[in-house]
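Peer 1: below: sequence and its predicted model.
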Amino acid sequence: MANEGLSCSLKATYPDFSLQATFSVQAGELACIIGPSGCGKSTSLSLIAGLLPLQEGSLFLNGNDLTQIPVHKRQVAMVFQDYALFPHMTVAQNIAYPLKIRKTKKAKQIERIHHLLSLVSLQGYEKRKSQELSGGERQRIALARALASQPQLLLLDEPLSALDAKLRKHLREEIRRIHDETGITTVYVTHDQEEALAIADRIIVMHEGKVMQQGKGEDIYNNPENLFVATFMGEGTILPYNVIQKTLSTPTPSLPYAYKPKEGKHTIFFRPENVLIKEGQAFSLVEYLPHVQFKQAQVINCEFQGDHYRLLCQWEGHPIICHSTTRPENKEVTLAVRMKSIREYVDGILVP
Amino acid sequence: MRENSSLQYKRFYRTMPIPASLVLLLLFFVPLFFTLSSAFITEEGISFSRVVGVFTDSYTQRIMLFTVFQATISTLASLLVALPGAFLIATYNFRAKRLILALSAIPFVIPSILVVLGFVIFFGNNGFLNRILMTLFNLNEPPLKILYSFPAIILAHTFYNFPIIMSLVSSYWEHMDGHCESASRTLGATKTRTFFSITLPRLLPAIISACSLVFLFCFNSFAIILVLGGGPQFTTMEVEIYRQARMMSNPGAASALSLFSILVTTLLLLWYNASQKNLARSEIYRRDILRSEKRPASFVGRVLALFYTLFSLLFILGPIISVVVRSFMASPSRSASQEFSLRWYRQLLSLESATGHMGSALTALTNSFMIALVVATLTVPVALTLSVAVRRSQRKTSFYELFGMLPMTVSSVIIGLGYYLISSRFRAGLSLHYILVVLAHMVIAIPFVLRTILPEYRKIPLSYMHSSLTLGAGPLRTFLLIELPLLKGSLFTGAIFAFALSMGEFNATLTLANSSIVTLPIVMYRLIGSYNFQGACALGTILIAVSVIVFIVSELAKGGKYGQ
């Protein structure tokens, strides 16, 4: 067990749902817990913060066992979804709240408030009331307040979900910057894959109270350990394994592909950006590498996405999603996917 | 996030309501125990003979029937008066709308003894209405002779209760979307047809809920029946309980009668609660919809709105204003006509020698003030700690909420009876008597204060408390630094309510107190009984002033939300 950072094994049973999640976050890391609503990500945060009792399992932060420490002594700060700025206090009083509790000297308090406000780029906001702040400002003040007590761990519960898309992108950059400046170990809960991939050092994917996969964003996206993670973290196409037999093309015999069907529900998965599309002219490069070819696929739908087109095609009754840089002229196209980009799953689990 | 308190804090939130619960237990169940025991325990030991005797007696059966009858008629009359108002408020946007809606809160804050007085002064044979009609039409005889009769009871109940139905139904109506009505019109129904086959059925849950509340009030009505009913011919359960206990010296029979009252009140409250839940669940009511506001388009609509406004002003404000006006009037000699005078106030403040019951007015004023002050200070902490427990409970309706609302199942006359039985058991002296009055007022005030604090408490998101905990404050510190400051306003409102409730409390006080106990409403009652209406008006004006303060505070306290 690593001494630094957070390592936990959370077990809790509720009338409608049970949680059994084991994961760890290294010191100074920004980790994202992601999953559909009701997967237990917010419950996990509450368990770590101590707002919910941990029925079983373990919880270590920088080598200290937290399970028996009450919330207010855990040194775990949390930013809530609704920010929970105290409406009867000014911004300065809100930030001073954890400092006063720790009996910080008055002069030190003022200095700290000033420092934190400049950290979240809201200098001069001391006297304002929370009602006078915009959503994004509230969010940053809540962050400043959480950081005021210099906690050992920072928890963020969907901090951007109440904001509009443009502000969300800006504020996630801010959160990443503040994290890098303070170097505080952070756990960030979100249901937005893009957000998680954009800012996390480590992503923990949860589903129905269990951790489905944890690791770097690139690993999670490119090598999903199971079909849930594969389809949750972005789009893709799932096809039965036996289509390979019909569509495999190995132009260079020196690079053979071994067709090995397995017991159980054997499927393949690939992402839309790995699908190449051919209309008349030849595929480049791919022609010389092992790949599958879906001939005479029908284009059902074509959506313009700005920097690419998203096509929904149908091949022998199977839907296939692919991206293209140009709008296809014909209704019939040929699609190709390199074997290297295809992942195999048996009963939903990745075949290594 | 799951609403659940952490293991470490369960103890804090569990201990918090214990003192309050003990107080409530003592204040409510001990008197109730005395009442029930005297209903069942006779000289021969435990027996049902007394209860059976009361329930089979034809006289009491007649009273029970009359009680239900007058409550039904009063409710229907209130509904009849309220529905047009609800329609106007929900459909149109006229200038006086806010005024009517604000006025409709008055009956909630005005004590019943004041209603009685206002009614006598306004509708009485020598009252303002008759005098106006006499001068208008050159009559020698007062045209309205309704005092001390069945219509008087119904009229007073209607005045007291129609605004309740009006405001409840109109607020439901305003939040109903009009699509169904539009659909009905496009399908070929006339306006009238649409109202009766679409709108009215959709309104029904709100109407039923409001009516059951009013029925409950009329069923438990005491002062109005006691004074305006004018005799045993129009006696209801509550009055009979009081009469048996205090005039016939037959507390056993009074206790047996209370059983019936408690039974009916509890059933009505359960029914009301169910209808409330039904309302909350109904798909029709949606907070986000507020009917498109528009001025009365038609001339008829405008005239109707004007007429209704004048009518409610006359009906609601008329009696109150007459009380104030009469308190400043006196005739210098027996034959002279009345003119402006401060005589009643001078008598009230003992600046001028007073005769009869006016002599005890100043004592009554100071007594009432002191009692109300003590009641307000003691009730708020009890209600606050109970609401902490309710807020922290995982269940929707917690045990403590029901517990705190329990005193509502028992009418104030019966609470008074319980305390009367205690005082006679212990041969209470004067000071103990006053303490019992304070305790009885507290029992009556607790549910109301709880109902003031709880909604405000529920508005505070749990994340505020959780934030404070994660920022390093313990549960007690969180309570003191976050919850208490945010609840300050509602605690103040609750205290004012408790104060006003105690100032105007008549039913329980009259039932429990012996003749040496004087409070403002009691002296008012005695003054009315001895036909010194102007003296009563002077006292009434003070009560009105208190009610006006409560009214303003409760109007100011409306609305307000935390967070986004």
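Peer 2: Happy to help now that I have it. Residues are numbered from 1 along each chain as shown, chains lettered A, B, ... in the order given.
Peer 1: ok, A:A21 - how many residues close by?
Peer 2: 25 (other Cβ atoms under 10 Å in any protein chain shown). To be clear about C-beta, it is placed using only N, CA and C from the backbone, and glycine gets the same treatment.
Peer 1: okay, and it sits in which element?
Peer 2: Using DSSP states H and E, A:A21 sits within strand A:17-25.
Peer 1: which elements pack onto that strand?
Peer 2: When contacts are defined as 3 or more Cβ pairs under 8 Å, 6 or more residues apart in numbering or on different chains; DSSP states H and E, strand A:17-25 packs onto strand A:6-14, strand A:30-34, helix A:41-49, strand A:202-207, strand A:210-215.
Peer 1: which is the next helix or strand following the third one?
Peer 2: Remark: after helix A:41-49, the chain's next helix or strand is strand A:56-61, criterion DSSP H and E.
Peer 1: for the stretch 251-352 of chain A, just list every one of the helices.
Peer 2: In the stretch 251-352 of chain A, no helices are found when defined by DSSP state H, counting those that start in this stretch.
Peer 1: roughly how far does the residue in it positioned nearest to chain B sit from A:L227?
Peer 2: Nearest residue of the stretch 251-352 of chain A to chain B (Cβ to the nearest Cβ) works out as A:G348 at 28.8 Å. To A:L227, A:G348 is 4 Å away according to Cβ to Cβ, to the nearest Å.
Peer 1: looking only at neighbour counts, state which of these two leads.
Peer 2: Taking other Cβ under 10 Å, A:G348 and A:L227 do not tie; A:L227 has more neighbours (20 against 15).
Peer 1: okay, the more buried one: pLDDT?
Peer 2: The confidence metric pLDDT takes the value 94 at A:L227.
Peer 1: returning to what we had before: tell me which of the helices and strands packed on strand A:17-25 sits nearest to chain B.
Peer 2: Of all these, it is helix A:41-49 that lies closest to chain B, at 5.2 Å by Cβ to the nearest Cβ.
Peer 1: which other helices and strands contact the helix or strand harbouring B:L263?
Peer 2: Under the criterion of DSSP H and E, B:L263 resides in helix B:251-281. Counting contacts by 3+ Cβ pairs under 8 Å, 6+ apart, helix B:251-281 is packed against helix B:30-40, helix B:49-56, helix B:200-219, helix B:237-242, helix B:412-425.
Peer 1: beta partners for A:L6?
Peer 2: As for beta bridges, A:L6 partners with A:V25, A:L61 under DSSP bridges.
Peer 1: count of neighbours near it?
Peer 2: 25.
Peer 1: please report how far it lies from B:L386.
Peer 2: Counting by Cβ to Cβ - A:L6 and B:L386 are separated by 39 Å.
Peer 1: quick one: contacts for the residue nearest in space to the middle of chain B?
Peer 2: Centroid-nearest residue in chain B, with Cα atoms, centre = their mean: B:F108, separated by 5.2 Å. By Cβ atoms under 8 Å, 6 or more residues apart in numbering or on different chains, the contact set of B:F108 is B:I164.
Peer 1: ok, B:P111 next?
Peer 2: B:500, B:503-506, B:521, B:543, B:547.
Peer 1: so what touches the helix or strand hosting A:Q245?
Peer 2: Using DSSP H and E, A:Q245 sits within helix A:243-247. The contact list for helix A:243-247 (Cβ under 8 Å, 6+ apart) reads A:257, A:259, A:268, A:292-295, A:316, A:318.
Peer 1: can we see that at 7 Å?
Peer 2: The contact list for helix A:243-247 (Cβ atoms under 7 Å, 6 or more residues apart in numbering or on different chains) reads A:259, A:268, A:292-294.
Peer 1: could the residues you listed go into TSV alongside distance to chain B and neighbour count?
Peer 2: Listed next are the contacts of helix A:243-247 as TSV, based on distance: Cβ to the nearest Cβ, whole Å; neighbours: other Cβ atoms under 10 Å in any protein chain shown:
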residue	distance to chain B	neighbour count
A:Y259	49	10
A:I268	39	20
A:V292	46	23
A:Q293	50	19
A:F294	46	24
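Peer 1: pLDDT check: weakest of those residues?
Peer 2: Among the contacts of helix A:243-247, A:Y259 carries the lowest pLDDT, at 80.
Peer 1: quick one: that residue and A:Q245, what's the gap?
Peer 2: In this view, A:Y259 and A:Q245 are 6 Å apart by Cβ to Cβ.
Peer 1: with B:L306 instead?
Peer 2: Per Cβ to Cβ, B:L306 is found 86 Å from A:Q245.
Peer 1: so for the two, which residue has more residues nearby?
Peer 2: Applying other Cβ under 10 Å to B:L306 and A:Q245 shows that B:L306 carries more neighbours, namely 15 against 10.
Peer 1: what's near enough to touch the more buried one?
Peer 2: So B:L306 contacts nothing (Cβ under 7 Å, 6+ apart).
Peer 1: what's the neighbour count on the residue in the stretch 101-250 of chain B that chain A sits nearest to?
Peer 2: Going by Cβ to the nearest Cβ, chain A is nearest to B:H175 of the stretch 101-250 of chain B, at 24.9 Å. Residues within reach of B:H175, counting by other Cβ under 10 Å, total 17.
Peer 1: ok, it to B:R202 distance?
Peer 2: For B:H175, the distance to B:R202 equals 11 Å [Cβ to Cβ].
Peer 1: B:A105 too?
Peer 2: 26 Å.
Peer 1: next: A:E332.
Peer 2: Using Cβ to Cβ, one gets 56 Å for the distance from A:E332 to B:R202.
Peer 1: neighbour count winner among these two?
Peer 2: Neighbour count, other Cβ under 10 Å: between A:E332 and B:R202, B:R202 has more, with 17 against 12.
Peer 1: the spatially closest residue to A:S24 that is not a sequence neighbour: how many residues sit nearby?
Peer 2: In this structure, A:S24 finds its nearest non-sequential neighbour in A:S7, 3.9 Å apart by Cβ to Cβ, 6 or more residues apart in numbering or on different chains. Neighbour count for A:S7, taken as other Cβ under 10 Å: 19.
Peer 1: is it true that A:S7 touches A:F60?
Peer 2: Yes: with contact defined as Cβ atoms under 7 Å, A:S7 reaches A:F60; the gap is 5.0 Å.
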